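> Test case, fold it:
(one chain, ligands or ions: 1)
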Amino acid sequence: MSLSHGREHLAIPGPSVAPDRVLRAMHRASPNIYEGELIALTDSVLADLRRVAGAEGAEPAIYLGNGHAAWEAAVVNVLAPGERALALATGRFGPGWAEVARRAGVDVELLDFGFRAAADPQRLEDRLRADRAGAIRAVMTVQTDTASAARNDVPALRAAIDAAGHPALLMVDCIASLGSEEFRMDAWGVDVTVGACQKGLMTPAGVAFTWAGPRAMAERVDARSAYWDWGPRLHPEIFYQRFAGTPPSQHIYGLREALTMILDEEGIEAVWARHAALAGAVWAAVEAWGARDAALALNIADPAARSHAVTTIRTAPEVAARLRRWSAAKTGLTLGVGLAGGPAAQHDLFRIGHMGHLNAPMLLGALGVIEAGLTALGVPHGAGALDEAARAVAEAASAAPRETIALESLPSVG
Ligand SMILES: *Cc1c(COP(=O)(O)O)cnc(C)c1O
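Residues are numbered from 1 along each chain as shown. This is a model prediction of the structure:
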């Protein structure tokens, strides 16, 4: 029999679950695109995109597109063909962005940290020290690599660039982490940030963002593309130029609602704390499952290097694929496929997305389905995973609210 009739649940690292409020806000006729409400609404969304990225000093741009679009937009505005960039690899998405840059003519060098660890700032510093001529114009990195679930320490990477006395710009892909993990573009000395709407920002896929800091603006290059060019998008003479064409009106309404929920209702620091708490419940469950025969294990051993938005789980061969098929067919829960560079990863890796519009019952429900699937498939696993997840939720829920830290009071790293 099937137990899947009810609300379908995507527990994958994007698209995340969109709140009904966001969907309702999008469900409307297209408004006047020449004047009136949409223009003011877009300005308020741009202002809140600055707030959500801690980027008051940066200029945001909105592109119709997914994360790959924003990857390309960031690259072509900052790096000219033949210029050198150093891309940090901690999974699949860092190399993916590097490949986009390579196709745009950039001379990209990969600094590879493997699939099971965050980037080591010391290795970055050493590599930059060796670049005496300062040929490397930019360091490109993801904050969270959504394939490995590694989380890079962005302030430590900035500190490594500074310790080497190197002038490289720091470009950070926050597509998976924005609205899920702490990120402070200005305070952390990030020059270019890249994001998209369908993960922590809780809006159906369709728009993506770049934020250009002052140095990136001052040192930008000819974008060699009228469409990606920051020029008219950032400083439009008429509204139409903001999107190099027709505006994504319904997405602006949806984003307006999502940003209000994140920034004005829950509060960004509470959003980060909620993601940390729910991630902790996932880790506790996986550790319990893996206690017997190690049939399941967290891909990232070091808790400080783990994403709060997605968890990658290693299993015995075929277990991941069978579990995903079982949960989708029998329960309506979609789990994330394994991504590690070859089709084999899909058989022994799976991912749980825990980003965006997610509360404890949604997450505990997903963990309960995984427990049921392991039992149904006869996969040996440790007992007590749901007890551990419930305990993690109970402890987080009874913790005192985090003290609010004013953004201005944080030391600038740059
Ligand atoms: C999802 C993701 C991307 C790609 O975004 P798309 O919308 O699928 O193009 C890039 N980088 C990271 C870190 C991501 O999580």
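
> Can you name the residue of this structure nearest to the ligand?
Gly67 (2.2 Å; CB to the nearest ligand atom). The way it works is simple: take the backbone N, C-alpha and C, and place the C-beta from them, glycine included.

> beta partners of the residue nearest to Phe243 when sequence neighbours are not counted?
Distance criterion CB to CB, 6 or more residues apart in numbering; nearest residue to Phe243, sequence neighbours excluded, is Leu64 at 6.3 Å. Beta-bridge pairing for Leu64 (DSSP bridges): Val207.

> isn't Leu64 right up against Val207?
Yes - taking contacts as CB atoms under 8 Å, Leu64 lies within contact range of Val207: 6.0 Å.

> pull the CA atoms of stretch 286-298 into PDB?
What follows is stretch 286-298, C-alpha atoms only, in PDB (Å, rounded to 0.1, in the frame of the first residue of the first chain):
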ATOM      1  CA  VAL A 286      22.200  10.200  11.400                       C
ATOM      2  CA  GLU A 287      24.800   9.600  14.100                       C
ATOM      3  CA  ALA A 288      22.400   7.200  15.800                       C
ATOM      4  CA  TRP A 289      21.600   5.300  12.600                       C
ATOM      5  CA  GLY A 290      25.300   5.000  11.900                       C
ATOM      6  CA  ALA A 291      26.100   3.600  15.400                       C
ATOM      7  CA  ARG A 292      25.500   0.000  14.300                       C
ATOM      8  CA  ASP A 293      27.600  -1.400  11.400                       C
ATOM      9  CA  ALA A 294      28.100   2.200  10.200                       C
ATOM     10  CA  ALA A 295      25.500   1.600   7.400                       C
ATOM     11  CA  LEU A 296      25.000   5.400   7.400                       C
ATOM     12  CA  ALA A 297      27.300   8.200   8.100                       C
ATOM     13  CA  LEU A 298      27.600  12.000   7.900                       C
END
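
> Which parts of the stretch 1-150 of the chain are strands?
9-11, 59-64, 84-89, 107-112, 136-142, 144-145, 150-151 (DSSP state E, counting those that start in this stretch).

> residues touching the residue of the chain closest to the ligand, list them.
173, 175, 194-196, 208 (CB atoms under 8 Å, 6 or more residues apart in numbering).

> restrict those to those near the ligand?
173, 175, 196 (CB under 6 Å from any ligand atom).

> pretty sure Gln346 contacts Val337?
Yes - counting by CB under 8 Å, Gln346 touches Val337, with 5.2 Å between them.

> and the stretch 1-150 of the chain, which residues reach the ligand?
Near the ligand, when you scan the stretch 1-150 of the chain using CB under 6 Å from any ligand atom, you find 14, 66-68, 93, 142, 144, 146.

> quick one: which of the residues you listed is nearest Phe243?
Asn66 (15.2 Å; CB to CB).

> Dump the residues of the stretch 1-150 of the chain next to the ligand to JSON lines, plus distance to Asn299 and pLDDT.
As requested, those are exported to JSON lines (distance: CB to CB, whole Å; pLDDT from 0 to 100):
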{"residue": "Gly14", "distance to Asn299": "18", "pLDDT": "96"}
{"residue": "Asn66", "distance to Asn299": "24", "pLDDT": "98"}
{"residue": "Gly67", "distance to Asn299": "21", "pLDDT": "98"}
{"residue": "His68", "distance to Asn299": "23", "pLDDT": "98"}
{"residue": "Phe93", "distance to Asn299": "14", "pLDDT": "97"}
{"residue": "Val142", "distance to Asn299": "15", "pLDDT": "98"}
{"residue": "Thr144", "distance to Asn299": "13", "pLDDT": "98"}
{"residue": "Thr146", "distance to Asn299": "12", "pLDDT": "98"}
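
> Got a quick PyMOL command for the buried subset of those residues?
Remark: buried members of these, expressed as a PyMOL selection using 16 or more other CB atoms under 10 Å:
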select buried, resi 14+66+67+93+142+144+146
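
> So Asp178 sits against Ala53, correct?
If you look again at residue 178, you'll see it is Leu, not Asp. Yes - at 6.3 Å, Leu178 counts as touching Ala53 under the criterion of CB under 8 Å.

> Find residues that contact each of these two.
With CB under 8 Å, 6+ apart as the test, Leu178 and Ala53 both reach 193, 195.

> And these two? Which one has more around it.
Set Leu178 next to Ala53 and count neighbours by other CB atoms under 10 Å: Leu178 wins out with 29 against 24.

> Pull the distance from stretch 41-51 to the chain's centre.
19 Å (CA atoms, centre = their mean, to the nearest Å).

> residues in contact with the closest residue to Gly94 other than its chain neighbours?
Excluding its sequence neighbours, the residue lying closest to Gly94 (CB to CB, 6+ apart) is Val142, at 5.0 Å. Contact analysis of Val142 by CB under 8 Å, 6+ apart lists 88, 90-91, 93-94, 97, 152, 172-176.

> From Asp48, how far off is Val142?
Val142 is 23 Å from Asp48, where distance means CB to CB, to the nearest Å.

> For the most centrally placed residue in the chain, give me its contacts.
For the chain, the residue nearest the mean C-alpha position is Ala176 (1.0 Å; CA atoms, centre = their mean). With contact set as CB under 8 Å, 6+ apart, Ala176 has these partners: 13-14, 93, 142-146, 199-200, 307, 309-310, 355.

> Now it, what are its backbone angles?
For Ala176, the backbone dihedrals (degrees, to the nearest 10) come out as phi -80, psi -20.

> Which helix runs longest in this protein?
helix 268-289 (DSSP state H).

> so where's the stretch 151-300 of the chain shaky on pLDDT?
294 (pLDDT under 70).

> Show me which residues of it sit near the ligand.
Going by CB under 6 Å from any ligand atom, the residues of the stretch 151-300 of the chain near the ligand are 173, 175-176, 196, 205.

> what do you get if the cut-off is 8 Å, keeping everything else the same?
With the criterion set to CB under 8 Å from any ligand atom, the stretch 151-300 of the chain comes near the ligand through 173-177, 194, 196, 198-199, 205, 208.

> can you redo those residues as CSV with secondary structure and distance to Arg351?
Listed next are these as CSV, based on DSSP: H, G, I helix; E, B strand; the rest coil; distance: CB to CB, whole Å:
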residue, secondary structure, distance to Arg351
Asp173, strand, 17
Cys174, coil, 18
Ile175, coil, 15
Ala176, coil, 11
Ser177, coil, 15
Val194, strand, 21
Ala196, strand, 17
Gln198, coil, 16
Lys199, coil, 13
Ala205, coil, 17
Ala208, strand, 21
